[in-house]
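J.: Sequence first, then the predicted structure, then my questions.
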Amino acid sequence: MDAPPLMLFGPDRSAERVVRPRRALRAGVSQVFAAVVGLALGLLLPRIDGGYQVTAVRVVDVLKVSGVGVLSVATLIFSLLFLVVQWAAGNFSHRLLLFRSDPVVWRVFALVVGLLVYSVTATLAIGSHRTVSVAVPTTALVLTGAALVLVRKLQLTALRSIQLAHVLADVRQRGQKVLRALYQEDTESDAGEARRLPDVTSTVVWGGDTVLLAQVDVLRLVRTATRADVVVVLKVLVGTALQPGDVVAEVRGGRVPDAEVLTTVVGDVERAFHQDPMLAFRLLSDIGLRALSPAINDPATAVQVLDATEGLLRLIAPGDLGDRSIADEAGAVRVVLRLPSWEDFVRVGLDDMCRAASDAPMVLSHVRELLVRLRTRVREDRRPSLDERLVWVEEELAARHPPFLGGGTGR
(Lines give C-alpha, C1' and ligand atoms only; values in the text may rest on other atoms or scores of the structure.)
Protein backbone atom coordinates (compact mmCIF):
# COMPACT_ATOMS: atom_id res chain seq x y z
CA MET A 1 0.00 0.00 0.00
CA ASP A 2 1.60 3.26 -1.12
CA ALA A 3 -1.32 5.56 -0.31
CA PRO A 4 -1.58 7.33 3.04
CA PRO A 5 -4.17 6.07 5.51
CA LEU A 6 -7.59 7.65 5.46
CA MET A 7 -8.01 9.09 8.95
CA LEU A 8 -11.65 9.01 10.01
CA PHE A 9 -11.32 10.17 13.57
CA GLY A 10 -9.07 13.20 13.25
CA PRO A 11 -10.07 16.89 13.30
CA ASP A 12 -11.18 16.75 9.64
CA ARG A 13 -14.16 14.39 9.58
CA SER A 14 -15.13 14.96 5.96
CA ALA A 15 -14.17 11.40 5.08
CA GLU A 16 -16.47 10.04 7.79
CA ARG A 17 -19.48 11.49 5.97
CA VAL A 18 -18.62 9.33 2.97
CA VAL A 19 -17.68 6.07 4.67
CA ARG A 20 -20.76 6.17 6.90
CA PRO A 21 -23.52 4.38 4.94
CA ARG A 22 -26.47 6.47 3.83
CA ARG A 23 -29.65 4.89 5.08
CA ALA A 24 -32.48 4.46 2.60
CA LEU A 25 -34.89 4.43 5.53
CA ARG A 26 -34.42 8.14 6.17
CA ALA A 27 -37.24 9.00 3.77
CA GLY A 28 -39.69 6.74 5.61
CA VAL A 29 -38.46 7.88 9.02
CA SER A 30 -38.94 11.53 8.08
CA GLN A 31 -42.53 10.85 7.03
CA VAL A 32 -43.28 8.98 10.25
CA PHE A 33 -41.70 11.80 12.25
CA ALA A 34 -43.78 14.42 10.42
CA ALA A 35 -46.94 12.39 11.01
CA VAL A 36 -46.18 12.08 14.75
CA VAL A 37 -45.52 15.83 15.05
CA GLY A 38 -48.74 16.58 13.16
CA LEU A 39 -50.67 14.24 15.44
CA ALA A 40 -49.22 15.85 18.58
CA LEU A 41 -49.95 19.41 17.40
CA GLY A 42 -53.45 18.43 16.32
CA LEU A 43 -54.22 17.04 19.76
CA LEU A 44 -52.57 19.75 21.87
CA LEU A 45 -53.28 23.07 20.16
CA PRO A 46 -57.12 22.83 20.27
CA ARG A 47 -56.86 22.45 24.07
CA ILE A 48 -55.36 25.91 24.56
CA ASP A 49 -57.94 27.99 26.44
CA GLY A 50 -56.14 31.29 26.90
CA GLY A 51 -55.26 33.97 24.39
CA TYR A 52 -57.15 35.10 21.33
CA GLN A 53 -60.00 32.79 20.30
CA VAL A 54 -61.67 32.34 16.90
CA THR A 55 -64.86 30.63 15.76
CA ALA A 56 -64.38 26.87 15.55
CA VAL A 57 -66.50 26.48 12.39
CA ARG A 58 -64.23 28.81 10.40
CA VAL A 59 -61.13 27.06 11.73
CA VAL A 60 -62.46 23.70 10.60
CA ASP A 61 -62.99 25.11 7.10
CA VAL A 62 -59.39 26.37 7.05
CA LEU A 63 -58.11 22.99 8.16
CA LYS A 64 -60.04 21.18 5.45
CA VAL A 65 -58.85 23.51 2.72
CA SER A 66 -55.22 23.52 3.83
CA GLY A 67 -54.92 19.76 4.36
CA VAL A 68 -56.86 18.41 1.41
CA GLY A 69 -55.84 21.26 -0.91
CA VAL A 70 -52.10 20.92 -0.36
CA LEU A 71 -52.33 17.13 -0.60
CA SER A 72 -54.14 17.37 -3.95
CA VAL A 73 -51.66 19.87 -5.36
CA ALA A 74 -48.66 17.85 -4.16
CA THR A 75 -50.09 14.61 -5.59
CA LEU A 76 -50.67 16.20 -8.99
CA ILE A 77 -47.22 17.80 -9.08
CA PHE A 78 -45.49 14.60 -7.97
CA SER A 79 -47.25 12.59 -10.68
CA LEU A 80 -46.37 15.05 -13.42
CA LEU A 81 -42.81 15.55 -12.24
CA PHE A 82 -41.98 11.89 -12.02
CA LEU A 83 -43.43 11.19 -15.46
CA VAL A 84 -41.77 14.14 -17.16
CA VAL A 85 -38.48 14.02 -15.28
CA GLN A 86 -38.07 10.26 -15.67
CA TRP A 87 -38.67 10.54 -19.41
CA ALA A 88 -36.27 13.47 -19.73
CA ALA A 89 -33.56 11.85 -17.60
CA GLY A 90 -33.75 8.77 -19.81
CA ASN A 91 -32.60 10.95 -22.70
CA PHE A 92 -29.31 11.51 -20.85
CA SER A 93 -28.80 8.12 -19.18
CA HIS A 94 -31.09 5.46 -17.74
CA ARG A 95 -28.81 5.36 -14.70
CA LEU A 96 -29.34 9.06 -13.98
CA LEU A 97 -31.33 9.34 -10.74
CA LEU A 98 -30.43 12.84 -9.58
CA PHE A 99 -34.01 14.04 -9.09
CA ARG A 100 -35.33 10.92 -7.42
CA SER A 101 -32.45 10.83 -4.95
CA ASP A 102 -32.68 14.53 -4.08
CA PRO A 103 -33.67 15.03 -0.39
CA VAL A 104 -36.21 17.71 -1.34
CA VAL A 105 -38.47 15.01 -2.82
CA TRP A 106 -39.06 13.12 0.40
CA ARG A 107 -38.98 16.27 2.51
CA VAL A 108 -41.92 17.70 0.57
CA PHE A 109 -43.84 14.47 0.93
CA ALA A 110 -43.07 14.33 4.67
CA LEU A 111 -44.33 17.89 5.21
CA VAL A 112 -47.51 17.20 3.24
CA VAL A 113 -48.15 14.07 5.30
CA GLY A 114 -47.60 16.01 8.53
CA LEU A 115 -49.96 18.77 7.42
CA LEU A 116 -52.67 16.28 6.46
CA VAL A 117 -52.38 14.44 9.80
CA TYR A 118 -52.47 17.74 11.69
CA SER A 119 -55.56 18.96 9.81
CA VAL A 120 -57.53 15.75 10.38
CA THR A 121 -56.47 15.43 14.03
CA ALA A 122 -57.19 19.07 14.86
CA THR A 123 -60.61 18.86 13.17
CA LEU A 124 -61.54 15.85 15.27
CA ALA A 125 -60.08 17.39 18.45
CA ILE A 126 -62.11 20.58 18.01
CA GLY A 127 -65.31 18.52 18.05
CA SER A 128 -68.21 20.57 19.45
CA HIS A 129 -66.10 23.48 20.70
CA ARG A 130 -67.53 26.85 19.79
CA THR A 131 -64.16 28.62 19.78
CA VAL A 132 -60.54 27.55 19.63
CA SER A 133 -57.18 29.24 20.00
CA VAL A 134 -55.87 31.24 17.07
CA ALA A 135 -52.79 29.02 17.26
CA VAL A 136 -54.74 26.25 15.47
CA PRO A 137 -55.40 28.06 12.16
CA THR A 138 -52.07 29.91 12.40
CA THR A 139 -50.17 26.61 12.56
CA ALA A 140 -52.15 25.29 9.59
CA LEU A 141 -51.35 28.39 7.55
CA VAL A 142 -47.65 28.25 8.47
CA LEU A 143 -47.42 24.58 7.50
CA THR A 144 -49.29 25.28 4.26
CA GLY A 145 -46.90 28.10 3.41
CA ALA A 146 -43.89 25.92 4.16
CA ALA A 147 -45.32 23.13 2.00
CA LEU A 148 -45.91 25.49 -0.91
CA VAL A 149 -42.35 26.85 -0.62
CA LEU A 150 -40.95 23.32 -0.73
CA VAL A 151 -43.24 22.38 -3.63
CA ARG A 152 -41.88 25.35 -5.56
CA LYS A 153 -38.33 24.24 -4.74
CA LEU A 154 -39.28 20.75 -5.93
CA GLN A 155 -40.44 22.16 -9.25
CA LEU A 156 -37.21 24.13 -9.70
CA THR A 157 -35.18 21.03 -8.84
CA ALA A 158 -37.12 19.04 -11.42
CA LEU A 159 -36.53 21.75 -14.01
CA ARG A 160 -32.78 21.64 -13.31
CA SER A 161 -32.74 17.86 -13.70
CA ILE A 162 -33.88 18.04 -17.34
CA GLN A 163 -31.42 20.75 -18.41
CA LEU A 164 -28.10 19.49 -19.73
CA ALA A 165 -25.84 22.13 -18.17
CA HIS A 166 -27.33 21.62 -14.71
CA VAL A 167 -27.22 17.82 -15.03
CA LEU A 168 -23.53 17.89 -15.93
CA ALA A 169 -22.79 20.34 -13.10
CA ASP A 170 -24.67 18.19 -10.56
CA VAL A 171 -22.91 15.00 -11.66
CA ARG A 172 -19.50 16.72 -11.53
CA GLN A 173 -20.14 18.22 -8.08
CA ARG A 174 -21.32 14.94 -6.60
CA GLY A 175 -18.32 13.18 -8.07
CA GLN A 176 -15.97 15.84 -6.68
CA LYS A 177 -17.47 15.46 -3.21
CA VAL A 178 -16.70 11.75 -3.10
CA LEU A 179 -13.24 12.15 -4.64
CA ARG A 180 -12.23 14.87 -2.18
CA ALA A 181 -13.32 12.76 0.78
CA LEU A 182 -11.63 9.55 -0.35
CA TYR A 183 -8.46 11.22 -1.59
CA GLN A 184 -7.84 13.81 1.09
CA GLU A 185 -5.54 16.55 -0.11
CA ASP A 186 -4.26 17.42 3.35
CA THR A 187 -2.91 13.94 4.10
CA GLU A 188 0.83 13.59 3.93
CA SER A 189 1.91 10.91 1.49
CA ASP A 190 4.28 8.14 2.46
CA ALA A 191 4.64 6.62 -0.99
CA GLY A 192 8.21 5.67 -0.24
CA GLU A 193 7.24 3.19 2.43
CA ALA A 194 5.33 0.09 1.54
CA ARG A 195 2.77 -0.83 4.16
CA ARG A 196 3.27 -4.37 5.29
CA LEU A 197 0.07 -6.22 6.12
CA PRO A 198 -0.25 -9.48 8.07
CA ASP A 199 -0.65 -12.76 6.22
CA VAL A 200 -4.06 -13.84 4.93
CA THR A 201 -5.83 -16.05 7.46
CA SER A 202 -9.26 -16.38 5.84
CA THR A 203 -11.41 -15.16 2.96
CA VAL A 204 -15.01 -13.93 3.07
CA VAL A 205 -17.19 -15.20 0.21
CA TRP A 206 -20.46 -13.70 -0.98
CA GLY A 207 -23.25 -16.27 -0.64
CA GLY A 208 -26.31 -14.22 -1.54
CA ASP A 209 -28.00 -13.40 -4.83
CA THR A 210 -26.39 -11.23 -7.48
CA VAL A 211 -26.44 -7.60 -6.33
CA LEU A 212 -24.53 -4.39 -6.89
CA LEU A 213 -22.18 -3.38 -4.11
CA ALA A 214 -23.79 -0.01 -3.37
CA GLN A 215 -22.11 0.89 -0.06
CA VAL A 216 -19.88 -0.45 2.68
CA ASP A 217 -20.40 0.39 6.34
CA VAL A 218 -16.71 1.19 6.78
CA LEU A 219 -17.05 2.61 10.28
CA ARG A 220 -18.69 -0.57 11.51
CA LEU A 221 -16.09 -2.66 9.67
CA VAL A 222 -13.26 -0.70 11.30
CA ARG A 223 -14.75 -1.31 14.75
CA THR A 224 -15.20 -5.02 13.98
CA ALA A 225 -11.60 -5.34 12.82
CA THR A 226 -10.36 -3.42 15.86
CA ARG A 227 -12.17 -5.71 18.30
CA ALA A 228 -10.74 -8.79 16.58
CA ASP A 229 -7.30 -7.16 16.08
CA VAL A 230 -7.26 -7.98 12.36
CA VAL A 231 -6.98 -6.18 9.03
CA VAL A 232 -9.85 -6.59 6.56
CA VAL A 233 -8.89 -6.09 2.90
CA LEU A 234 -11.90 -5.54 0.64
CA LYS A 235 -11.46 -7.18 -2.78
CA VAL A 236 -14.37 -5.62 -4.70
CA LEU A 237 -15.01 -2.09 -5.88
CA VAL A 238 -18.09 -0.20 -4.78
CA GLY A 239 -20.43 -0.10 -7.77
CA THR A 240 -19.51 -3.53 -9.17
CA ALA A 241 -21.68 -6.65 -9.20
CA LEU A 242 -21.35 -9.30 -6.50
CA GLN A 243 -21.93 -12.81 -7.83
CA PRO A 244 -22.47 -15.88 -5.63
CA GLY A 245 -19.05 -17.27 -4.74
CA ASP A 246 -17.14 -14.02 -5.25
CA VAL A 247 -14.48 -13.18 -2.67
CA VAL A 248 -15.63 -10.06 -0.85
CA ALA A 249 -12.69 -9.60 1.51
CA GLU A 250 -9.54 -11.10 2.95
CA VAL A 251 -8.99 -11.22 6.71
CA ARG A 252 -5.35 -10.81 7.73
CA GLY A 253 -3.65 -11.35 11.08
CA GLY A 254 -6.46 -13.25 12.81
CA ARG A 255 -10.02 -14.41 12.41
CA VAL A 256 -13.41 -12.76 12.42
CA PRO A 257 -16.78 -14.38 11.62
CA ASP A 258 -17.75 -14.02 7.96
CA ALA A 259 -21.21 -12.81 8.97
CA GLU A 260 -19.75 -9.78 10.75
CA VAL A 261 -17.96 -8.72 7.58
CA LEU A 262 -20.90 -9.44 5.28
CA THR A 263 -23.30 -7.38 7.40
CA THR A 264 -21.25 -4.29 6.53
CA VAL A 265 -21.81 -4.86 2.80
CA VAL A 266 -24.88 -3.02 1.47
CA GLY A 267 -26.22 -4.49 -1.75
CA ASP A 268 -28.73 -2.81 -4.06
CA VAL A 269 -30.00 -2.92 -7.63
CA GLU A 270 -28.63 0.55 -8.45
CA ARG A 271 -25.36 2.37 -8.00
CA ALA A 272 -25.25 5.37 -5.68
CA PHE A 273 -22.95 8.38 -5.52
CA HIS A 274 -22.34 8.12 -1.80
CA GLN A 275 -19.22 5.90 -1.89
CA ASP A 276 -18.74 5.27 -5.61
CA PRO A 277 -15.99 7.51 -7.06
CA MET A 278 -16.43 5.98 -10.53
CA LEU A 279 -20.16 6.64 -10.89
CA ALA A 280 -19.74 10.27 -11.99
CA PHE A 281 -17.33 9.18 -14.75
CA ARG A 282 -19.73 6.43 -15.84
CA LEU A 283 -22.71 8.79 -16.03
CA LEU A 284 -20.76 11.44 -17.94
CA SER A 285 -19.55 8.82 -20.38
CA ASP A 286 -23.10 7.53 -20.83
CA ILE A 287 -24.37 11.01 -21.65
CA GLY A 288 -21.53 11.56 -24.10
CA LEU A 289 -22.04 8.20 -25.81
CA ARG A 290 -25.74 8.85 -26.23
CA ALA A 291 -24.97 12.28 -27.71
CA LEU A 292 -22.54 10.69 -30.18
CA SER A 293 -24.91 7.91 -31.24
CA PRO A 294 -26.16 8.07 -34.86
CA ALA A 295 -29.70 8.63 -33.60
CA ILE A 296 -28.75 11.79 -31.67
CA ASN A 297 -25.56 13.03 -33.39
CA ASP A 298 -24.93 15.94 -31.00
CA PRO A 299 -21.15 16.46 -30.76
CA ALA A 300 -21.54 19.78 -28.92
CA THR A 301 -23.06 17.91 -25.97
CA ALA A 302 -20.13 15.49 -26.04
CA VAL A 303 -17.75 18.45 -25.80
CA GLN A 304 -19.59 19.69 -22.69
CA VAL A 305 -19.33 16.22 -21.21
CA LEU A 306 -15.58 16.21 -21.83
CA ASP A 307 -15.25 19.53 -20.00
CA ALA A 308 -17.00 18.03 -16.95
CA THR A 309 -14.84 14.90 -17.15
CA GLU A 310 -11.69 16.97 -17.35
CA GLY A 311 -12.69 18.77 -14.16
CA LEU A 312 -12.86 15.44 -12.32
CA LEU A 313 -9.61 14.14 -13.79
CA ARG A 314 -7.77 17.33 -12.84
CA LEU A 315 -8.93 16.92 -9.27
CA ILE A 316 -7.28 13.51 -8.89
CA ALA A 317 -4.40 13.96 -11.36
CA PRO A 318 -1.67 14.90 -8.84
CA GLY A 319 -2.80 12.81 -5.88
CA ASP A 320 -2.37 9.26 -4.60
CA LEU A 321 -4.95 6.87 -6.04
CA GLY A 322 -5.63 3.17 -5.77
CA ASP A 323 -6.50 1.19 -2.65
CA ARG A 324 -6.85 3.16 0.57
CA SER A 325 -5.94 2.02 4.06
CA ILE A 326 -8.26 3.15 6.85
CA ALA A 327 -6.95 3.53 10.36
CA ASP A 328 -8.69 3.27 13.71
CA GLU A 329 -8.53 5.84 16.51
CA ALA A 330 -5.10 4.56 17.56
CA GLY A 331 -3.72 5.00 14.03
CA ALA A 332 -3.47 1.28 13.24
CA VAL A 333 -4.61 0.20 9.77
CA ARG A 334 -7.77 -1.88 10.11
CA VAL A 335 -9.48 -1.80 6.70
CA VAL A 336 -8.15 -1.57 3.17
CA LEU A 337 -10.77 -0.10 0.88
CA ARG A 338 -10.38 -1.03 -2.77
CA LEU A 339 -10.62 2.03 -5.02
CA PRO A 340 -10.13 2.62 -8.77
CA SER A 341 -6.71 3.41 -10.20
CA TRP A 342 -5.78 6.30 -12.49
CA GLU A 343 -6.07 3.98 -15.50
CA ASP A 344 -9.60 3.00 -14.42
CA PHE A 345 -10.73 6.62 -14.27
CA VAL A 346 -9.20 7.50 -17.65
CA ARG A 347 -10.58 4.38 -19.32
CA VAL A 348 -14.16 4.95 -18.16
CA GLY A 349 -14.05 8.71 -18.62
CA LEU A 350 -12.42 8.91 -22.05
CA ASP A 351 -11.90 5.66 -23.95
CA ASP A 352 -15.49 4.85 -24.90
CA MET A 353 -16.15 8.40 -26.03
CA CYS A 354 -12.94 8.49 -28.08
CA ARG A 355 -13.98 5.39 -29.99
CA ALA A 356 -17.49 6.72 -30.54
CA ALA A 357 -16.13 10.08 -31.72
CA SER A 358 -14.15 8.72 -34.66
CA ASP A 359 -16.50 10.48 -37.07
CA ALA A 360 -16.82 13.63 -34.94
CA PRO A 361 -13.74 15.82 -35.58
CA MET A 362 -14.92 18.49 -33.15
CA VAL A 363 -14.97 15.96 -30.30
CA LEU A 364 -11.66 14.32 -31.24
CA SER A 365 -10.00 17.72 -31.43
CA HIS A 366 -11.32 18.58 -28.00
CA VAL A 367 -10.08 15.26 -26.60
CA ARG A 368 -6.65 16.07 -28.01
CA GLU A 369 -6.57 19.44 -26.26
CA LEU A 370 -7.87 17.85 -23.04
CA LEU A 371 -5.04 15.29 -23.05
CA VAL A 372 -2.43 17.96 -23.74
CA ARG A 373 -3.68 20.08 -20.83
CA LEU A 374 -3.95 17.07 -18.54
CA ARG A 375 -0.36 15.97 -19.24
CA THR A 376 0.93 19.10 -17.52
CA ARG A 377 -0.98 18.31 -14.32
CA VAL A 378 -0.44 14.59 -13.77
CA ARG A 379 2.46 12.88 -12.11
CA GLU A 380 5.25 11.61 -14.32
CA ASP A 381 4.28 7.96 -13.96
CA ARG A 382 0.77 8.67 -15.30
CA ARG A 383 1.82 10.42 -18.49
CA PRO A 384 2.40 7.27 -20.58
CA SER A 385 -1.30 6.35 -20.45
CA LEU A 386 -2.21 9.84 -21.64
CA ASP A 387 0.49 9.78 -24.32
CA GLU A 388 -0.86 6.53 -25.76
CA ARG A 389 -4.32 8.02 -26.10
CA LEU A 390 -2.93 11.26 -27.49
CA VAL A 391 -1.08 9.37 -30.21
CA TRP A 392 -4.23 7.45 -31.11
CA VAL A 393 -6.34 10.63 -31.29
CA GLU A 394 -3.79 12.39 -33.49
CA GLU A 395 -3.61 9.38 -35.80
CA GLU A 396 -7.40 9.35 -36.09
CA LEU A 397 -7.47 13.06 -36.85
CA ALA A 398 -4.68 12.73 -39.42
CA ALA A 399 -6.34 9.79 -41.14
CA ARG A 400 -9.96 10.90 -41.05
CA HIS A 401 -9.97 14.67 -40.51
CA PRO A 402 -6.60 16.20 -41.45
CA PRO A 403 -7.79 19.86 -41.27
CA PHE A 404 -8.66 19.42 -37.57
CA LEU A 405 -5.26 18.11 -36.47
CA GLY A 406 -3.95 21.57 -35.67
CA GLY A 407 -7.29 23.28 -35.18
CA GLY A 408 -9.35 24.22 -32.17
CA THR A 409 -12.36 22.56 -30.66
CA GLY A 410 -14.78 24.06 -33.12
CA ARG A 411 -17.31 24.96 -30.46
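T.: Structure received.
J.: Every contact and neighbour count from this point should use C-alpha atoms.
T.: Will do.
J.: my guess is residue 333 meets residue 252, correct?
T.: No. Residue 333 is beyond contact range of residue 252, at 11.2 Å (criterion: C-alpha atoms under 8 Å).
J.: intersection of neighbour lists for these two?
T.: Jointly contacting residue 333 and residue 252 under the rule C-alpha atoms under 8 Å, 6 or more residues apart in numbering are residue 231.
J.: Quick check, pLDDT for the closest residue to residue 223 other than its chain neighbours.
T.: Spatial nearest neighbour of residue 223, chain neighbours left out: residue 328 (7.7 Å); criterion: C-alpha to C-alpha, 6 or more residues apart in numbering. pLDDT recorded at residue 328 is 82.
J.: ok, now residue 124?
T.: With respect to pLDDT, residue 124 has a value of 90.
J.: surely the residue nearest to residue 223 meets residue 224?
T.: No. Contact criterion C-alpha under 8 Å: residue 328 and residue 224 do not qualify, at 10.5 Å.
J.: Quick check: phi and psi on residue 252?
T.: phi -120, psi 140 (degrees, to the nearest 10).
J.: What of residue 230?
T.: Torsion angles, degrees, to the nearest 10, at residue 230: phi -130, psi 170.
J.: Now do the contacts for it.
T.: Counted by C-alpha under 8 Å, 6+ apart, residue 230 has contacts 251, 252, 253, 254, 255, 256, 334.
J.: related to what we said a few turns ago, burial measure for the residue nearest to residue 223, as a count.
T.: Residues lying near residue 328 (other C-alpha atoms under 10 Å) number 20.
J.: now do residue 102
T.: So residue 102, with other C-alpha under 10 Å, has 13 neighbours.
J.: how close does it sit to residue 173?
T.: 14 Å (C-alpha to C-alpha, to the nearest Å).
J.: what's the answer for residue 183, then?
T.: Distance from residue 183 to residue 173, by C-alpha to C-alpha: 15 Å.
J.: coming back round to it: would JSON lines of the contacts of residue 230 with neighbour count and pLDDT be doable?
T.: Shown next, in JSON lines, are the contacts of residue 230 (neighbours: other C-alpha atoms under 10 Å; pLDDT from 0 to 100):
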{"residue": "251", "neighbour count": "24", "pLDDT": "93"}
{"residue": "252", "neighbour count": "22", "pLDDT": "93"}
{"residue": "253", "neighbour count": "16", "pLDDT": "89"}
{"residue": "254", "neighbour count": "16", "pLDDT": "88"}
{"residue": "255", "neighbour count": "17", "pLDDT": "90"}
{"residue": "256", "neighbour count": "22", "pLDDT": "90"}
{"residue": "334", "neighbour count": "25", "pLDDT": "89"}
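J.: I figured residue 67 hits residue 111, correct?
T.: No. Assessed by C-alpha under 8 Å, residue 67 is found out of contact with residue 111, at 10.8 Å.
J.: Common neighbours of these two, please.
T.: If you check residue 67 and residue 111 against C-alpha under 8 Å, 6+ apart, no residue is contacted by both.
J.: so what's the residue located most distally from the centre of the chain closest to, chain neighbours aside?
T.: When distances to the mean C-alpha position of the chain are computed (C-alpha atoms, centre = their mean), the maximum falls on residue 130, with 52.2 Å. In space, and not counting its chain neighbours, residue 130 is closest to residue 56: 5.3 Å by C-alpha to C-alpha, 6+ apart.
J.: so what's the one you found up against?
T.: Contacts of residue 56 (C-alpha under 8 Å, 6+ apart): 126, 129, 130, 131, 132.
J.: tell me the contacts of the fourth one?
T.: The reference is to residue 131. Residue 131 touches 53, 54, 55, 56, counting by C-alpha under 8 Å, 6+ apart.
J.: cool, and the first one?
T.: Taking C-alpha under 8 Å, 6+ apart as the criterion, residue 126 is in contact with 46, 56, 132.
J.: Wait, the first one touches residue 119, no?
T.: No. The pair residue 46 and residue 119 does not pass the contact test of C-alpha under 8 Å, sitting 11.3 Å apart.
J.: Which one's more surrounded, the two?
T.: Per other C-alpha under 10 Å, whichever of residue 46 and residue 119 has more neighbours is residue 119, with 28 against 24.
J.: for that one, helix, strand, or coil?
T.: helix (DSSP: H, G, I helix; E, B strand; the rest coil).
J.: what separates the residue nearest to it when sequence neighbours are not counted from residue 236, distance-wise?
T.: Excluding the flanking residues, the one nearest residue 119 by C-alpha to C-alpha, 6+ apart is residue 63, at 5.0 Å. Distance of residue 63 to residue 236, computed by C-alpha to C-alpha: 54 Å.
J.: Those two: which has the busier surroundings?
T.: residue 63 (25 against 17).
J.: Assess the claim that the more buried one and residue 142 are in contact.
T.: No. Residue 63 lies out of contact with residue 142 (C-alpha under 8 Å); the separation is 11.7 Å.
J.: can you give me the helices for the stretch 151-300 of the chain?
T.: 164-182, 218-228, 258-262, 279-292, 299-316 (DSSP state H, counting those that start in this stretch).
J.: Now do the contacts for residue 30.
T.: So residue 30 contacts 106, 107, 110 (C-alpha under 8 Å, 6+ apart).
J.: and it, what helix or strand is that in?
T.: helix 26-44 (DSSP states H and E).
J.: Any buried residues in that helix, and which?
T.: By neighbour count on 16 or more other C-alpha atoms under 10 Å, the buried set for helix 26-44 is 27, 30-31, 33-39, 41-43.
J.: re earlier: show only the entries of the contacts of residue 131 found in strands.
T.: Among those, the ones falling in strands (DSSP state E) are 53, 54, 55.
J.: Just the buried ones out of those, please.
T.: residue 54.
J.: Return the member of the ones in strands among the contacts of residue 131 nearest to residue 285.
T.: residue 54 (61.0 Å; C-alpha to C-alpha).
J.: Look at the closest one and report its pLDDT.
T.: 89.
J.: again with residue 384
T.: The model's pLDDT for residue 384 equals 91.
J.: What about it, how many residues nearby?
T.: Neighbours of residue 384 using other C-alpha under 10 Å come to 11.
J.: Make sure it is indeed in a helix.
T.: Yes. The assignment for residue 384 is a helix, going by three-state DSSP.
J.: quick one: it from residue 374, how far?
T.: On the measure of C-alpha to C-alpha, residue 384 and residue 374 end up 12 Å apart.
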